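**Q** Have a look; sequence and predicted model below, questions after that.
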Amino acid sequence: MSKSLWQQCSSRLQSELSMQHFNTWIRPLQVEMQNNTLFLYAPNTYVMDWVKDKYLEQIISFLREEAGDGQPNVELKVGGVSSADPVAGNRARKPANNSSTPARAKHNGRTKESDRPISLLSSNLHKSYTFDNFVEGKSNQLARAAALQVAENPGGAYNPLFIYGGTGLGKTHLLHSVGNGIVARKPGAKVYYLRAERFVQDMVYAMKHNKIDAFKESYRSVDALLIDDVQFFARKEHFQDEFFHTFNWLLEGNQQVILTSDVYPKEIEGVDDRLKSRFGWGLTVAIEPPELPTRVAILERKAEERGIRLPHEVAFFIAKRLRSHVRELEGALNRVAVNVSLTGRDITIDFVKEALRDLIAAQEKLVTIDNIQRTVAEYYNIKVSDLTSKRRSRSIARPRQLAMALAKELTSHSLPEIGDAFGGRDHTTVLHACRKIKELIESEHEIQEDHRNLNRTLSV
Ligand SMILES: Nc1ncnc2c1ncn2[C@@H]1O[C@H](COP(=O)(O)OP(=O)(O)OP(=O)(O)O)[C@@H](O)[C@H]1O
């Protein structure tokens, strides 16, 4: 009876809580019924206290509603069910310290497993993020190579490794790839992934419950700590301070630290300079938005993984139009997949134009020839009217060629339309500009850099 009663209660909790909260706090509970008492076993005091604080009242009230007069008493404890057939069907745990009193934080100088914050109790690596399914391209080559080295030689290659770049470009994917790589080489290695926000939450909890020693110990006992989105520490001085100490501790012990943020570490506002300077002690690498060939390769790879037959020209069509980040490409592919399954049609360019109409339109609205001219003029500190004028001096002609090439790359205007917009030039002039810029990108570092910067500015 207790099984179905708990199942009813648990599915109500599931529908009320976020998936993350449910998985973190409720799913690990084991359940046992004895003499009209429902024992809920938490894996450690941390979970027990949290459930007691946040959910116990709700659990009792659901049980009351489900069981009416037959409502059992509820006891929340640390430990596991003693029977061979645990009611909750979770991993059978040995009966542990079945006491509602929290165990002492320290045990022979080390924290007992049961006192560790939940985020460090079990590995939370995303198994599907690996180096194998991370598509390499110019934009992420360096970051991937550095990450691979760290996976092969944690604590010894680059420590810390700092990966920065815009949203949806694969930072988290790389973090997990390193983690999975380390564990594959050394099973049992303690590798933990978390967002900076989680560090703050754990610390708040630890302070509130007088468990700061246990908190410190758990963070310091890892082989590798993978912290995503450290910009979250901005203006949280107190947490920065604690993180600074944890960070130093790990580096001194040759324990690997990898960090990510959305901007270059020195540019994270509201983070203490000494912390920022530590961030740069190892290696700092950027992930850039992927260029066209990488976007095509990513789309083809993701389509293959999902068993979607995506013709090359269609992948090219999508990649040419959606330029901001990989998550957007994945979203587009999902949309195409759903449309295919609903209509049963083949994936053609026309089909994709229709399925992704709004996404493509939104991107095109962002990048107009007008916009390109203004951005290029501003970048080179010249006037927009210079770009459309007949002036031929190099300081004007080169930016003009670059602007025309960008217009061809980033909009769907034809060569004659672009020529018109640049002071009524012939379409062969535009074609020549595109070829010239392509050649210069290969041979001149400066133009390559300008092209990349402008592309990035225009694509966000
Ligand atoms: N080079 C790549 N190859 C394959 N998949 C990629 C690549 N880059 C990104 N992705 C995929 O794109 C999605 C978004 O990537 P991810 O979550 O790692 O981005 P992020 O940089 O951490 O973004 P945010 O800063 O918003 O968290 C993921 O599903 C990831 O697998």
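**A** Yep, it's here. Please read these numbers as outputs of a predicted model, since none were measured by experiment.
**Q** The nearest residue to Asn248 once chain neighbours are set aside: neighbour count?
**A** Nearest residue to Asn248, sequence neighbours excluded (Cβ to Cβ, 6 or more residues apart in numbering): Arg278, at 7.3 Å. (Each C-beta comes from the backbone N, C-alpha and C, glycine too.) Using other Cβ atoms under 10 Å, Arg278 has 20 other residues around it.
**Q** residues touching Arg278, list them.
**A** For Arg278, the contact set (Cβ atoms under 8 Å, 6 or more residues apart in numbering) comprises Pro160, Phe244, Phe247, Asn248, Leu251.
**Q** And the pLDDT at it?
**A** Per-residue confidence (pLDDT) for Arg278: 87.
**Q** The ligand versus that one, what's the distance?
**A** 21 Å (Cβ to the nearest ligand atom, to the nearest Å).
**Q** same check, this time on Ile441
**A** From Ile441 across to the ligand, the span is 21 Å (Cβ to the nearest ligand atom).
**Q** which secondary element of the chain has the worst mean pLDDT?
**A** Among the helices and strands of the chain, strand 106-107 carries the lowest confidence by mean pLDDT, DSSP states H and E, at a mean of 34.
**Q** Buried residues of whichever helix or strand Leu225 is part of, list them for me.
**A** Using DSSP states H and E, Leu225 sits in strand 224-228. Neighbour counts over strand 224-228 (16 or more other Cβ atoms under 10 Å) mark Ala224, Leu225, Leu226, Ile227, Asp228 as buried.
**Q** Check stretch 373-380 too.
**A** Result for stretch 373-380 [16+ other Cβ under 10 Å]: buried residues Gln373, Thr375, Val376, Ala377, Tyr380.
**Q** Give me the neighbour count for the residue lying closest to the third one once chain neighbours are set aside.
**A** Of all residues not flanking Val376 in the chain, Ala403 sits nearest, at 4.1 Å (Cβ to Cβ, 6+ apart). The local packing of Ala403 (other Cβ under 10 Å) involves 27 other residues.
**Q** Distance of Ala403 relative to the ligand?
**A** 29 Å.
**Q** Centre of the chain to the host helix or strand of that residue, how far?
**A** In this assignment (DSSP H and E), Ala403 forms part of helix 394-410. Using Cα atoms, centre = their mean, to the nearest Å, the distance from the centre of helix 394-410 to the centre of the chain it belongs to is 35 Å.
**Q** That one packs against which elements?
**A** Judged by 3 or more Cβ pairs under 8 Å, 6 or more residues apart in numbering; DSSP states H and E, helix 394-410 is in contact with helix 369-380, helix 384-388, helix 415-421, helix 427-443, helix 445-459.
**Q** Give me the secondary structure label for the residue nearest to Asn248.
**A** Following DSSP: H, G, I helix; E, B strand; the rest coil, Arg278 is assigned to helix.
**Q** Next, name the residue at the spatial heart of the protein.
**A** Thr172 (3.7 Å; Cα atoms, centre = their mean).
**Q** Can you get me a residue count around the residue of the chain found nearest the ligand?
**A** With Cβ to the nearest ligand atom as the measure, Gly170 is the residue of the chain nearest to the ligand, at 2.7 Å. Counted with other Cβ under 10 Å, the neighbours of Gly170 add up to 25.
**Q** Spell out which parts of this structure neighbour the ligand.
**A** Contact residues (Cβ under 6 Å from any ligand atom) of the chain with the ligand: 129, 133-135, 140, 167-173, 262, 298, 326-327, 330.
**Q** what about burial for the residues you listed, which qualify?
**A** 129, 134-135, 140, 168-173, 262, 298, 326.
**Q** now those as JSON lines including pLDDT?
**A** JSON lines is the format used below for those (pLDDT from 0 to 100):
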{"residue": "Tyr129", "pLDDT": "95"}
{"residue": "Phe134", "pLDDT": "97"}
{"residue": "Val135", "pLDDT": "97"}
{"residue": "Asn140", "pLDDT": "93"}
{"residue": "Gly168", "pLDDT": "92"}
{"residue": "Leu169", "pLDDT": "94"}
{"residue": "Gly170", "pLDDT": "95"}
{"residue": "Lys171", "pLDDT": "96"}
{"residue": "Thr172", "pLDDT": "96"}
{"residue": "His173", "pLDDT": "96"}
{"residue": "Asp262", "pLDDT": "92"}
{"residue": "Ile298", "pLDDT": "96"}
{"residue": "Val326", "pLDDT": "93"}
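**Q** Tell me which of these fall in helices.
**A** Lys171, Thr172, His173, Ile298, Val326 (DSSP state H).
**Q** can you tell me which of these lies nearest to Lys54?
**A** The shortest gap between Lys54 and any of these belongs to Thr172, at 27.1 Å (Cβ to Cβ).
**Q** That closest one: what's it in contact with?
**A** Shown in contact with Thr172 (Cβ under 8 Å, 6+ apart): His126, Tyr129, Asp228, Thr260.
**Q** separation between it and Gln256?
**A** To Gln256, Thr172 is 17 Å away according to Cβ to Cβ, to the nearest Å.
**Q** With Tyr55 instead?
**A** Distance, Tyr55 to Gln256, by Cβ to Cβ: 35 Å.
**Q** So the two - more neighbours on which side?
**A** Ranked by neighbour count (other Cβ under 10 Å), Tyr55 and Gln256 place Gln256 first, with 29 against 21.
**Q** May I have the phi/psi pair for the more buried one?
**A** Dihedral pair for Gln256: phi -70, psi 140, per degrees, to the nearest 10.
**Q** does it have beta-bridge partners, and which?
**A** Applying DSSP bridges to Gln256 gives these bridge partners: Ala224.
**Q** Okay, now the unreliable bits of this structure?
**A** By pLDDT under 70, the weakly predicted segments of the chain are 1-3, 19-20, 23-24, 43-46, 80-123, 459-460.
**Q** care to break it down by domain?
**A** 2-102, 141-286, 292-366, 369-459 (automatic domain parsing).
**Q** deepest of those, which one?
**A** For those, the largest average neighbour count (mean count of other Cβ atoms under 10 Å) is found in domain 141-286, namely a mean of 19.
**Q** Between the two ends of that one, how far is it?
**A** Start-to-end span of domain 141-286 (Cα to Cα, to the nearest Å) is 9 Å.
**Q** now the helices: where do they sit in the stretch 201-350 of the chain?
**A** Assigned by DSSP state H, counting those that start in this stretch, the helices in the stretch 201-350 of the chain fall at 212-220, 237-252, 273-279, 292-305, 312-321, 326-343, 349-355.
**Q** how about the third one as CSV, C-alpha atoms only?
**A** Included here for helix 273-279 are C-alpha records, laid out as CSV according to Å, rounded to 0.1, in the frame of the first residue of the first chain:
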residue,chain,number,x,y,z
ASP,A,273,41.0,41.7,-9.7
ARG,A,274,43.0,39.1,-7.8
LEU,A,275,40.5,36.4,-8.7
LYS,A,276,40.5,37.5,-12.4
SER,A,277,44.3,37.4,-12.4
ARG,A,278,44.2,33.9,-11.0
PHE,A,279,41.8,32.9,-13.8
